[in-house]
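>>> Below are the sequence and a predicted model; questions follow.
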Amino acid sequence: MLPKTICLFNHKGGVSKTTTAFNLGWSLANLDKKVLLVDLDSQCNLTGLVLGFNAIDDDNMASFYNNKNNLTMQDIVNVIINGAQSPDSFVDGATGKLLQTKHPNLFLLPGHLDVSDLDAQINVAMKVATGLPAMKNIPGSLPSILQKIAMKNNFDYVIYDLSPNVGGLNEVILMSSNYFIVPASPDYFCLQAIGSLEKNIVKWHREISRFKADNDFNNPSYPIRNEPKFIGAIQQRYRPRNEQPGKSFQKWIDSIRNEVNTNLVPTLEKLNCVISKEQISSVLEGSGLCPYDLVYISDFNSLIAISQQLSKPIFELTDEEIANIGKVFAAAKTTMCLSRDNFSKVFAELADRVIKLTE
């Protein structure tokens, strides 16, 4: 079975996209899925989250990237831009290995600042490849390499953590993926971002179609398939009251859902880039959620600091870790442990829905 690729994308920053990618990947791994996380944000937040406090130390990071046993985005970018070696060297393991996280089923392809250089190259290639044939292979190179790595290592899922922008790299990765999820925070700017996302996907779909036609890439094996399926939004980063979003947050959650259903989904339907309402309604039955909301995730509060320090999801923290690292006792510890248990249920449900929607 071919690996299923999922983008987590919202070009508005600050929506907990990276944390969600890590937690979702771990939750899928808990369900016996082999998962690869790919850090395609030049800020490398996902890489820092997985490496933990080692990522803060410059000497540790330099040693990590200079170690040829580690495969990183720096190596892949170098090959695509400079042709330093055959892309197949990444597939056969000759250029280094993927980083295993603290979960045996979860791996990371670490990011690198050089990803921004590739983004610029893809932007140029999309515009001038017809006149400069030497550049026509650049847009499809990264999706092709990542897909081959995933197939060679028998991954069930590949989760792409994208940067919050609308550059060329995000365009080719999202439009080459099987599915995409939009993390959302309950505020005005995220509502505006949903409308902007609709316009950009239409633009990207048109550009990719033209690029493929102009360069004779209209064949089933071309890695940028141009039909990613939207499977839903994740409503998160709200403060709860009685286990539900507070009224001020619910207002924005409802507005974002309405924008998704009224404008984004109908547009995506015309492009064949969304799962059907019947399909998601069936998966959400009995959950109290409405299409296209995949899950509600409240603010992590102080648990996030402990999670980041230990490089493990909030729902995997032990009682002892919460007490000792969080320096809390008695009622405060009990409250945090209950919150941890709730996040465990929430992310398990999210992973189960993702599997059902991508079968």
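That came through fine.

>>> shaky segments in the chain?
Within the chain, the stretches with pLDDT under 70 are 53-56, 84-87, 92-95, 240-244.

>>> so where do the strands sit in it?
Counting by DSSP state E, the chain has strands at residues 4-8, 35-40, 99-100, 106-109, 157-162, 179-184, 229-238, 240-241, 244-245, 293-298.

>>> among the ones you listed, which is nearest Phe64?
strand 99-100 (8.8 Å; C-beta to C-beta). Using the backbone N, CA and C atoms, a C-beta is placed for each residue, glycine as well.

>>> among the strands of the chain, which is nearest Ile81?
strand 35-40 (15.1 Å).

>>> Who are the packing partners of the closest one?
Where contact means 3 or more C-beta pairs under 8 Å, 6 or more residues apart in numbering; DSSP states H and E, strand 35-40 is packed against helix 17-30, helix 45-51, helix 73-82, strand 106-109, helix 138-152, strand 157-162, helix 168-176.

>>> and it, which strands flank it?
strand 106-109 (parallel), strand 157-162 (parallel) (DSSP bridges).

>>> and the ones you listed, which is most packed in?
For the strands paired with strand 35-40, the stretch with the most neighbours on average is strand 157-162, a mean of 26; neighbours defined as mean count of other C-beta atoms under 10 Å.

>>> Show me the contact partners of that one.
3-9, 17-18, 21, 24-25, 28, 33-41, 45-46, 146, 150, 169-170, 173-174, 177, 358 (C-beta atoms under 8 Å, 6 or more residues apart in numbering).

>>> how does it look with 7 Å?
Identification of contacts with strand 157-162 by C-beta atoms under 7 Å, 6 or more residues apart in numbering yields 3-9, 17-18, 21, 24-25, 28, 33, 35-41, 46, 146, 150, 170, 173, 177.

>>> how far out from the middle of the chain is it?
4 Å (C-alpha atoms, centre = their mean, to the nearest Å).

>>> for stretch 298-309, same thing?
19 Å.

>>> What is the end-to-end distance of that stretch?
Across stretch 298-309, the terminal residues are separated by 20 Å (C-alpha to C-alpha, to the nearest Å).

>>> buried ones in it?
298, 300, 303, 306-308 (16 or more other C-beta atoms under 10 Å).

>>> can you put these in JSON lines and add distance to Ser196?
Formatted as JSON lines, these follow (distance: C-beta to C-beta, whole Å):
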{"residue": "Ser298", "distance to Ser196": "26"}
{"residue": "Phe300", "distance to Ser196": "26"}
{"residue": "Leu303", "distance to Ser196": "31"}
{"residue": "Ile306", "distance to Ser196": "35"}
{"residue": "Ser307", "distance to Ser196": "30"}
{"residue": "Gln308", "distance to Ser196": "29"}
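
>>> thinking again about what came up before, let me have the strands paired with strand 35-40 in a markdown table, extended by distance to Asn69.
What follows is the strands paired with strand 35-40, written out as a markdown table (distance: least, C-beta to C-beta, whole Å):
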| stretch | distance to Asn69 |
| --- | --- |
| strand 106-109 | 14 |
| strand 157-162 | 22 |
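
>>> right, and those - which one's nearest Asn215?
strand 157-162 (23.6 Å).

>>> Strand 179-184 and that closest one, what's the angle between them?
Comparing the axes of strand 157-162 and strand 179-184 via axes from the mean of the first three to the mean of the last three C-alpha atoms, to 10 degrees yields an angle of 50 degrees.

>>> With distance to Lys199 added, can I get the strands of the chain in TSV?
Below are those laid out as TSV (distance: least, C-beta to C-beta, whole Å):
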stretch	distance to Lys199
strand 4-8	17
strand 35-40	22
strand 99-100	36
strand 106-109	30
strand 157-162	17
strand 179-184	14
strand 229-238	15
strand 240-241	33
strand 244-245	28
strand 293-298	22
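
>>> do you know which of these lies nearest Asn272?
strand 229-238 (8.2 Å).

>>> circling back to that earlier point, mind checking which of the helices and strands packed on strand 35-40 is nearest His205?
Counting by C-beta to C-beta, His205 lies closest to helix 168-176 out of the helices and strands packed on strand 35-40; the figure is 6.9 Å.

>>> Which strands or helices does that closest one pack on?
Judged by 3 or more C-beta pairs under 7 Å, 6 or more residues apart in numbering; DSSP states H and E, helix 168-176 is in contact with helix 115-128, helix 138-152, strand 157-162, helix 188-214.

>>> so the last one versus helix 115-128, what angle?
I take that to be helix 188-214. Using the same axes, to 10 degrees: helix 188-214 against helix 115-128 is 50 degrees.

>>> Alright, that wraps it up for me.
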